[in-house]
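how would this look folded up:
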Amino acid sequence: MTQHYTHDVLILGAGPAGATAALALKEAGLKVALIDKAQFPRDKVCGDAIPGRAVRVLRELSPVYAQAFQQFPKQCFTSQSAFFVNNHLPIELHWVNQAYTCARLDFDNWLVELVQKETDTELFLETTPTTIARNEAGITIACQNPSLHFSAPIVIGCDGANSQVRKQFTDFKLELNHYGGAVRVYYQNVTGLQANKTEIYVLKKYLPGYFWVFPLPDNQANVGFGMLSKYISSRRLNLKTIFHDFIQEHPLLRERFAASTQIGTIQGFGLPFGSHQIQVSGDRFLLCGDAASLIDPATGDGIGNAMLSGKLAAQKVVECFAQNRFDATFLKSYDQQLYGSLQKEFFRRTLLQRVSTQFPWLLDVGAIAAKQRWIKRILHRAI
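Residues are numbered from 1 along each chain as shown. Next up is the predicted model:
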């Protein structure tokens, strides 16, 4: 028996962007479906950094949400970062905005449970869309389970780096100069790990990539290495090999990881950078998060930008129903607002990435000059 569900809004993907969109539509009086192929909790390969922007979006949705996350026992409050450049002393930066680290298994599940608790959103988990079609009446979605069909006037695509919505409705093509590759794995008992400090390591041999150690509760750490895909491809690099080599070739890391225990297997993931603008809206659709290529080109952060995009998409959807307009021209202002919020930051971070890649000696200069307070302030703003 076919089950046909009719909604006002379909959200594909229940990660941070999709969950945020559902939370932002709480008071809109719209019938919302949140669809995801996974059952939660589910892992998402990532660096697990929850930046200040993510916390700010939660607070803008409701101060109660931000307070609830601050009390969530499976996160670490991070107030500083240490940058280790070659053999120089670390550059220590302290952050003004609240930031955290939290395994995506836990953070994404916390958001989904918040949606279930706080909204009337209908969740359809373990539901895999197979075809997405568009006509004058709206959007229709057929699923792997042939008895499930969905329809709505509009869809918000929060379905990740391989977004079906983006593939169906745009001419997006992956460009290696605007994409990154990374690997990560969890460790237990890394010596000298500080719960409030994230760590970034750079070695000249492995530029333009960087290594990270991000603390998690119970003396665990998210540890990984990432690089621009253009260089991974042209040099035919194996990031898993580089990951282990990096630890062995960095004297501090080699010592600190000597008695640590690896948890699980090392896994890879892609990073669609916001280093160029892509189409993020059109007739009856909006794109958010990784589907909209919103990952920071320098830091690799994507969660805060994803949540911002989910909130902005929800606001635009409310305008659509108020004006009864779902056409590309009307939805274009979403692009303008999204990039208006992020474009300057993306430009600055892309410039930082490319200059440091082309002139790696500048990293050494920066590490030495950072002893001066005014230089450190400039680096703080740039990063």
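
could I get the contacting residues of the closest residue in space to Gly52 that isn't next to it in sequence?
The shortest distance from Gly52 to any non-neighbouring residue, by CB to CB, 6 or more residues apart in numbering, is to Asn97 (2.9 Å). For the C-beta atoms, the positions are set from N, CA and C on the backbone; glycine is no exception. Residues in contact with Asn97, defined by CB atoms under 8 Å, 6 or more residues apart in numbering, are 51-53, 55-56.

give me the buried entries from these.
Buried subset of those (neighbour count, 16 or more other CB atoms under 10 Å): 51, 53, 55-56.

report the two of the residues you listed separated the most.
Pro51 and Arg56 (9.0 Å; CB to CB).

what do the two both touch?
Between them, Pro51 and Arg56 share the contacting residues 97, 304, judged by CB under 8 Å, 6+ apart.

and the helix ranked longest in the chain, what other elements does it pack with?
Longest helix of the chain, by residue count under DSSP state H: helix 328-358. In this structure, helix 328-358 packs against strand 281-282, strand 285-287, helix 303-323, helix 361-369, helix 373-382, with contacts taken as 3 or more CB pairs under 8 Å, 6 or more residues apart in numbering; DSSP states H and E.

how about a cut-off of 6 Å?
Of the remaining helices and strands, those touching helix 328-358 by 3 or more CB pairs under 6 Å, 6 or more residues apart in numbering; DSSP states H and E are strand 281-282, helix 303-323.

would you tell me which of these gets closest to Tyr206?
Here helix 303-323 is closest among the helices and strands packed on helix 328-358 (CB to CB), at 24.9 Å.

so what does that closest one touch, helix or strand wise?
helix 16-24, helix 52-61, helix 328-358.

what's that helix in contact with?
9, 16-17, 20-21, 24-25, 28, 50-51, 53-54, 57, 156, 286, 288-289, 292, 294, 326, 334, 337-338 (CB atoms under 6 Å, 6 or more residues apart in numbering).

report the distance from it to the chain centre.
17 Å (CA atoms, centre = their mean, to the nearest Å).

what do you get for stretch 84-91?
27 Å.

can we start the residue count at 37 from this point?
With 37 as the first residue, the last one maps to stretch 120-127.

so which bits of it are buried?
So stretch 120-127, judged by 16+ other CB under 10 Å, has buried residues 120-121, 124, 126-127.

what ranges of this structure fall below the confidence cut-off?
37, 395-419 (pLDDT under 70).

rerun that using 90 as the cut-off
Residue ranges of the chain with pLDDT under 90: 37-41, 121-134, 171-173, 180-184, 210, 243, 334-337, 381-419.

residue ranges of each domain in it, please.
Domain ranges of the chain: 39-114+134-210+310-389, 212-309+395-418, per automatic domain parsing.

looking at these, which is buried most?
domain 39-114+134-210+310-389 (a mean of 20; mean count of other CB atoms under 10 Å).

can you give me the end-to-end span of it?
Start-to-end span of domain 39-114+134-210+310-389 (CA to CA, to the nearest Å) is 49 Å.

equivalent analysis for stretch 265-280, please.
19 Å.

re the thing from before, kindly reformat the buried residues of stretch 120-127 as CSV containing secondary structure and distance to Pro253.
Putting the buried residues of stretch 120-127 into CSV (DSSP: H, G, I helix; E, B strand; the rest coil; distance: CB to CB, whole Å) gives the following:
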residue, secondary structure, distance to Pro253
Phe120, strand, 24
Val121, strand, 29
His124, coil, 31
Pro126, coil, 23
Ile127, strand, 26
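
A strand includes Glu149, no?
No - assigned with DSSP: H, G, I helix; E, B strand; the rest coil, Glu149 falls outside any strand and is helix.

can you tell me the closest non-neighbouring residue to it?
Phe76 (8.0 Å).

in which helix or strand would I find Ile47?
strand 45-48 (DSSP states H and E).

ok, which stretches of the stretch 187-336 of the chain are strands?
190-193, 215-224, 233-238, 246-252, 256-264, 297-308, 317-318, 321-323 (DSSP state E, counting those that start in this stretch).

okay if I get those as a markdown table plus distance to Leu273?
Shown next, in a markdown table, are the strands of the stretch 187-336 of the chain (distance: least, CB to CB, whole Å):
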| stretch | distance to Leu273 |
| --- | --- |
| strand 190-193 | 31 |
| strand 215-224 | 9 |
| strand 233-238 | 16 |
| strand 246-252 | 14 |
| strand 256-264 | 7 |
| strand 297-308 | 12 |
| strand 317-318 | 35 |
| strand 321-323 | 30 |
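
would you mind saying which of those lies nearest Lys209?
strand 215-224 (10.7 Å).

name the residues that touch the closest one?
For strand 215-224, using CB under 6 Å, 6+ apart, the contacting residues are 256-262, 264-265, 268, 275-276, 279, 296-299, 302, 304-305, 307-308.

what's near enough to touch the most centrally placed residue in the chain?
Centroid check for the chain by CA atoms, centre = their mean gives Gly338 as the closest residue, at 2.4 Å. By CB under 6 Å, 6+ apart, the contact list for Gly338 reads Ile331.

recalculate using a threshold of 7 Å.
Contacts for Gly338 (CB atoms under 7 Å, 6 or more residues apart in numbering) come out as 325-326, 330-332.

can you check Gln134 too?
88, 91 are the contacts of Gln134 under CB under 7 Å, 6+ apart.

quick one: the host helix or strand of it to helix 339-359, angle?
Assigned by DSSP H and E, Gln134 belongs to strand 127-137. Orientation check (axes from the mean of the first three to the mean of the last three CA atoms, to 10 degrees): strand 127-137 against helix 339-359 gives 50 degrees.

all good on my end, thank you.
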